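S.K.: sequence and predicted structure are below.
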Amino acid sequence: MLTNLLYGLLLCLLYPLAWLPRRVLFILSDVMYFFFYHILNYRKSVVYTNLARSFPEKSYSEVKSIAKQYYHFFADLFFENIKTLGVPAKKASAYIMFENAGLITGYTQRGQSTVWVLGHFGNWEYLNFAGLLFNLKIAYKPQHGAVDKLMKRIRTHYLKHIIIPTQHISRYMLTHQDEHASYVFIADQSPSSSSKAWTTFLHQDSLFFEGAEKLATRLNLPVFYVEMLRVARGKYKVVFTEICDDPKSLPEFEITRRFAALLEQSINRNPPYWLWSHKRWKHKLEKIKN
């Protein structure tokens, strides 16, 4: 009951925002940035620690500059995603474009599914727009309460069956092999300590999810890295990079290592656009070994 009440209140607050002009939303975003960075100090210690460890060659002033840009971007993300609730499907192309979609359609035209892996880089939620062009199935980790209902509303605004809980994605892929879908995994969050996919990422020993690689290998599906390049505030370009077309031919965790390397390149090119406020490095290699 309380969850539904809070969810209803959130919709009442956010739907009017979704219909405001983008220029007004970005003014609100600038206000939100000032509040989060200068007043609330939202996760500043996490952001600065992550940046300093990821870019040991950078001075404090350079780290501070990236941090401030990140908070600007973080505020933009909030309003960009709220805005999707007020964007008709026919106008989606004004917000996201695809540079080399033929890499994907080449497989789907041959009746083959694909696996997409990406990080929390750019606006990953904008892949909901891609569902208008591709048969997407996006694995997501359910949250709690009203926030979970709100995120589901945003993610299914255009297509009701585009998201699948991570605990069900394996069964879905195995039982829908004739569906010819593109399965999307946001694969850079800190996984459980039971994962064994270690690699060096941003100068640190980093543990990654194994799920996308294991499923791609089991079904022998081609795997693509998805880079969300920010062209302007609220506008993105998607670039696909094929990681492999024959997963069974690669050593264990090689797909994950290639994904991590590609994501690292994206971050190094555009540091402010990754989710630095997330506690990414929860696991330490030496502790797990012991």
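M.R.: Noted; the coordinates are in hand.

S.K.: quick one: end-to-end length of stretch 242-256, please.
M.R.: Using CA to CA, to the nearest Å, the end-to-end distance of stretch 242-256 comes to 13 Å.

S.K.: what mean pLDDT does that stretch get?
M.R.: On average, the pLDDT along stretch 242-256 is 97.

S.K.: tell me which residues in that stretch are buried?
M.R.: If you call a residue buried by 16 or more other CB atoms under 10 Å, then stretch 242-256 has these buried ones: 243, 244, 247, 250, 253, 254, 255, 256. Yep, even glycine has a C-beta here, placed from its N, CA and C like the rest.

S.K.: which one of these sits closest to residue 56?
M.R.: Among the buried residues of stretch 242-256, residue 256 lies closest to residue 56 (CB to CB), at 23.5 Å.

S.K.: mind checking which helix or strand that closest one is in?
M.R.: helix 254-269 (DSSP states H and E).

S.K.: pLDDT below threshold where in the stretch 151-290 of the chain?
M.R.: 286-290 (pLDDT under 70).

S.K.: can you map out the strands along the stretch 1-150 of the chain?
M.R.: Taking DSSP state E, counting those that start in this stretch to define them, one finds strands in the stretch 1-150 of the chain at 96-98, 114-118, 136-140.

S.K.: which neighbours does the shortest one have in its sheet, and in what orientation?
M.R.: Going back to what we said before, that points to strand 96-98. Applying DSSP bridges, strand 96-98 is found paired with strand 235-244 (parallel).

S.K.: contacts for the strand it pairs with?
M.R.: Strand 235-244 is contacted by residues 94-101, 103-104, 116-117, 122-123, 126-127, 130, 222-231, 250, 254-255, 258-259, 262 when judged by CB atoms under 8 Å, 6 or more residues apart in numbering.

S.K.: please repeat the previous calculation with a cut-off of 7 Å.
M.R.: Residues from elsewhere that reach strand 235-244 (CB atoms under 7 Å, 6 or more residues apart in numbering): 95-100, 103-104, 122-123, 126, 130, 222-231, 250, 255, 258-259, 262.

S.K.: for PyMOL, write the select line for the buried members of these.
M.R.: Here is the PyMOL command that picks out the buried ones among the contacts of strand 235-244, judged by 16+ other CB under 10 Å:
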select buried, resi 95+96+97+98+103+104+122+123+126+130+222+223+224+225+226+227+228+229+230+250+255+258+259+262
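
S.K.: residue 272 and residue 68 touch, don't they?
M.R.: No. In this structure, residue 272 is not within contact of residue 68 by CB atoms under 7 Å, at 8.5 Å.

S.K.: looking at those two, which is more packed in?
M.R.: Comparing residue 272 with residue 68 by other CB atoms under 10 Å, the one with more neighbours is residue 272, at 18 against 15.
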